[in-house]
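Chemist: Okay, predicted coordinates and the sequence, questions at the end:
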Amino acid sequence: MRPFAHFNAGTVKEACKLLAKYDGRAVLNAGGTDLLGTLKGENLFEYPEALVNIKTIAGLDQVIEKKGFLRIGALTKLSALVNSTLLKKRYPALSEAARTVATPQIRNAATLGGNLCQDVRCWYYRYPRHIGGPILCARKGKGPCLAVKGDNRYHAVMGAKKCFAVCPSDTAVALAALDAQIKIAGPEGERKTAVTDFFSPLGNSLRRGEMVTGVEMPSVEVESKQAFLKFTLRKPVDFAIVSVATVITVKAGVCTDARIALGALAAGPVRASKAEKMLVDRSIDEKAAADAAEAALAGAKPLSMNAYKIEIAKTLVKRAILESL
Ligand SMILES: Cc1cc2nc3c(=O)[nH]c(=O)nc-3n(C[C@H](O)[C@H](O)[C@H](O)COP(=O)(O)OP(=O)(O)OC[C@H]3O[C@@H](n4cnc5c(N)ncnc54)[C@H](O)[C@@H]3O)c2cc1C
Ligand code: SF4
């Protein structure tokens with residue numbers, strides 16, 4: 001690792017002030033499970049001058065359901081999401097998504113904010129210095145995307161143009177199905193953005209000096225059923241090839257609300273809105289689930305090596321919908 005200045009931020013305001021002062025040359029350190037690896041591997045061209053530790057900020061690690069909203073602080077550990085009785089009972093898609101992340105050791109250190117803001121896993125992008133990296137590519141600001149003509153078996157099949165890396169965050173997929181908003185603080189005050197709008201083709205929508213302070217979502221209806229399904233190559237520790245989260249409400253045998261989010265197919269979680277609309281006002285059966293799965297993936301366009309992801313995604317969507325019966 002190279003040397004850097006280190007600060008322990010006592011408040012959100014202090015952390016944002018430090019980020020603004022360093023003007024893009026400082027990074028936040030939460031659990032450090034992603035950040036420290038990228039610093040050690042030196043797989044990026046830019047190296048931060050300063051690290052701002054945010055674990056020292058009090059009060060950002062709460063899970064609270066109140067007045068029709070569930071709020072979760074950015075510093076809540078993934079293990080706390082897995083073990084929360086409230087989440088297991090009422091928001092199982094999120095608790096299950098957190099459970100599928102990495103190992104118990106990593107989940108004990110990793111935070112929700114860090115999981116949402118972690119960097120992509122594209123192997124060209126992460127090529128470490130000790131074996132010849134870093135490598136330039138579109139995401140690093142120069143050159144083409146190497147995955148387009150290269151080995152793209154794990155890359156995007158939806159919506160990508162410049163960079164085909166997929167969002168690696170599992171919690172983002174569950175949060176998208178739960179209609180969550182991401183809470184952001186910065187030099188201009190506080191703002192919120194939908195999870196699906198938070199991710200951008202080359203990163204996320206955080207502006208200079210901003211940090212994530214938590215997430216907020218409407219309380220789920222008592223009748224709704226949730227699922228989070230993830231397909232990986234290795235078990236038990238691996239990033240998703242595809243993941244799907246669903247929140248489906250059925251009343252008197254008829255679907256009144258359907259939310260379906262697809263993960264690891266694009267730069268961020270994607271809501272399958274056409275498929276959701278197809279399910280509403282219908283009774284859910286094998287045929288309805290299969291039709292919705294086809295509709296969910298209708299706009300997907302594979303690269304040379306990743307068409308298999310589309311078929312896996314259809315199967316997961318169908319299974320997740322049928323789990324809500
Ligand atoms: C072996 C291994 C397997 C993994 N498997 C999975 C998996 O299956 N699914 C999955 O989703 N993830 C997986 N991960 C990634 C892991 O979930 C992330 O490393 C972790 O969630 C990051 O959280 P952290 O608190 O440690 O973040 P850090 O490493 O501290 O930070 C990560 C990034 O987010 C930024 N950041 C952190 N907090 C904030 C904030 N509040 N506001 C703004 N920016 C912030 C940091 O500046 C940094 O750029 C895996 C990681 C490893 C090492
Ligand atoms: S997918 Fe993105 S990160 Fe990977 S090589 Fe292409 S531009 Fe770079």
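Modeler: Done, it's in. Ligands and ions are numbered 1, 2, ... in the order given.
Chemist: do you know how far L60 is from V215?
Modeler: Using Cβ to Cβ, to the nearest Å, we find L60 at a distance of 11 Å from V215. In short, each C-beta sits where N, CA and C put it, glycine included.
Chemist: again with M158
Modeler: Distance from M158 to V215, by Cβ to Cβ: 23 Å.
Chemist: hey, where'd the strands end up in the stretch 101-250 of the chain?
Modeler: Ranges of strands in the stretch 101-250 of the chain, per DSSP state E, counting those that start in this stretch, are 181-186, 189-194, 199-200, 203-204, 211-218, 224-231, 242-251.
Chemist: Counting neighbours, what do you get for whichever residue of the stretch 51-200 of the chain sits closest to ligand 1?
Modeler: Residue nearest to ligand 1 within the stretch 51-200 of the chain: G114 (2.1 Å; Cβ to the nearest ligand atom). By the measure other Cβ atoms under 10 Å, the count of residues near G114 is 24.
Chemist: contacting residues for it?
Modeler: Shown in contact with G114 (Cβ atoms under 8 Å, 6 or more residues apart in numbering): A30, G31, T33, D34, L35.
Chemist: Need the residues you listed in TSV (columns: pLDDT and distance to N53).
Modeler: Putting the contacts of G114 into TSV (pLDDT from 0 to 100; distance: Cβ to Cβ, whole Å) gives the following:
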residue	pLDDT	distance to N53
A30	98	8
G31	98	11
T33	98	14
D34	98	15
L35	97	11
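Chemist: Quick check: helices, which of those are part of them?
Modeler: Taking DSSP state H, the ones among these that sit in helices are L35.
Chemist: restrict the contacts of G114 to contacts with ligand 1.
Modeler: With Cβ under 6 Å from any ligand atom as the criterion, the contacts of G114 include A30, G31, T33, D34, L35 near ligand 1.
Chemist: tell me the angle the single longest helix found in the chain makes with strand 224-231.
Modeler: Identified as the longest helix of the chain according to DSSP H is helix 308-323. Orientation check (axes from the mean of the first three to the mean of the last three Cα atoms, to 10 degrees): helix 308-323 against strand 224-231 gives 150 degrees.
Chemist: Quick one: list the elements packing against helix 308-323.
Modeler: Applying 3 or more Cβ pairs under 8 Å, 6 or more residues apart in numbering; DSSP states H and E, we find helix 308-323 packed against strand 224-231, strand 242-251, strand 254-263, helix 286-296.
Chemist: 7 Å instead, please
Modeler: Helices and strands touching helix 308-323, by 3 or more Cβ pairs under 7 Å, 6 or more residues apart in numbering; DSSP states H and E, are strand 224-231, strand 242-251, helix 286-296.
Chemist: Next up, the contacts around V254.
Modeler: Neighbour list for V254: D281, R282, S283 [criterion: Cβ atoms under 7 Å, 6 or more residues apart in numbering].
Chemist: scratch that, K274
Modeler: Per Cβ under 7 Å, 6+ apart, neighbours of K274: A295, A298.
Chemist: Show me how far the helix or strand where it lies is from its chain's centre.
Modeler: Element membership for K274 (DSSP states H and E) is helix 273-279. Averaging C-alpha positions (Cα atoms, centre = their mean, to the nearest Å) puts helix 273-279 22 Å from its chain's average.
Chemist: average pLDDT across it?
Modeler: For helix 273-279, mean pLDDT is 98.
Chemist: need the residues of the stretch 1-150 of the chain near ligand 1, please.
Modeler: Residues of the stretch 1-150 of the chain lying near ligand 1 (Cβ under 6 Å from any ligand atom): 27-35, 74, 101-102, 106, 109-111, 113-115, 117-118.
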